[in-house]
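Student: Sequence plus the predicted model coming up.
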Amino acid sequence: MVSGRAWPPKTAAGSSRRAAPKVARDSVRNAAYGGQAVTARFPRARRLTSADEFGRVFRHGRRVRDSLFTLVTAPNGAEYARLGLAISRKAARRAIDRNRLKRLVRESFRQQAHLGGQDVVVMAQPAARLETNGTLTAHLNALWHILSNDATIADSDH
């Protein structure tokens, strides 16, 4: 009987899986991210991460709603928008449904270069889990359009 692990197989001397360089991901220059190269990932700087940040948006924010989503938005004082997701179990009981909604919202938000300077929290309504991806995206795009128009009006008032 041979002792030792059979898997993963041993690598050649001087190399290991950890030491191997990572393959560069395709990146795109994106105006929403300051013209810097970005991957398709959703960076931490573009997310609301703490309860205090969510609380500030809920306390001081303005709500925009349709039949599938509620968006709460508040100015953040930065040049870029940040996203927070509050997809509850009431809106989608199964984790797979909540995760699908979150993926769609993140992707839709990532494509919005014109929402600068806002923190946005997205909540789903229970009807959202039954809709197709195309319908959800169309509703989100309409809501992003409302937010961008309101931000433009607010900027022109100053």
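Tutor: Everything's here; your move. Numbers count the residues shown, from 1 in each chain.
Student: okay, CA-based contacts and neighbour counts for the rest of this
Tutor: Will do.
Student: could you show me where the strands are in this structure, in order?
Tutor: Secondary structure of the chain (DSSP state E): strands at 28-29, 37-38, 62-65, 69-75, 82-85, 118-124.
Student: Pick the most deeply packed of the ones you listed.
Tutor: Ranked by mean neighbour count, the strands of the chain are led by strand 118-124 with a mean of 25 (mean count of other Cα atoms under 10 Å).
Student: And the contacts of that one?
Tutor: Strand 118-124 has contacts (Cα atoms under 8 Å, 6 or more residues apart in numbering) with 48, 54, 57, 68-78, 80-88, 91, 101, 105.
Student: okay, the strands of the chain in CSV with distance to residue 134 next?
Tutor: As requested, the strands of the chain are exported to CSV (distance: least, Cα to Cα, whole Å):
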stretch, distance to residue 134
strand 28-29, 24
strand 37-38, 25
strand 62-65, 18
strand 69-75, 14
strand 82-85, 19
strand 118-124, 15
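Student: Give me the helix or strand of this structure that scores worst on average pLDDT.
Tutor: strand 28-29 (a mean of 50; mean pLDDT, DSSP states H and E).
Student: Setting the sequence-adjacent residues aside, check what's closest to residue 70.
Tutor: Spatial nearest neighbour of residue 70, excluding adjacent residues (Cα to Cα, 6 or more residues apart in numbering): residue 123 at 5.1 Å.
Student: residues touching the nearest residue to residue 121 once chain neighbours are set aside, list them.
Tutor: Sequence neighbours aside, residue 84 is the residue nearest to residue 121 in space, at 4.4 Å (criterion: Cα to Cα, 6+ apart). Residue 84 makes contact with 47-49, 54, 119-122, according to Cα under 8 Å, 6+ apart.
Student: how does it look with 10 Å?
Tutor: By Cα atoms under 10 Å, 6 or more residues apart in numbering, residue 84 lies in contact with 46-50, 53-54, 57, 71-73, 102, 105-106, 119-123.
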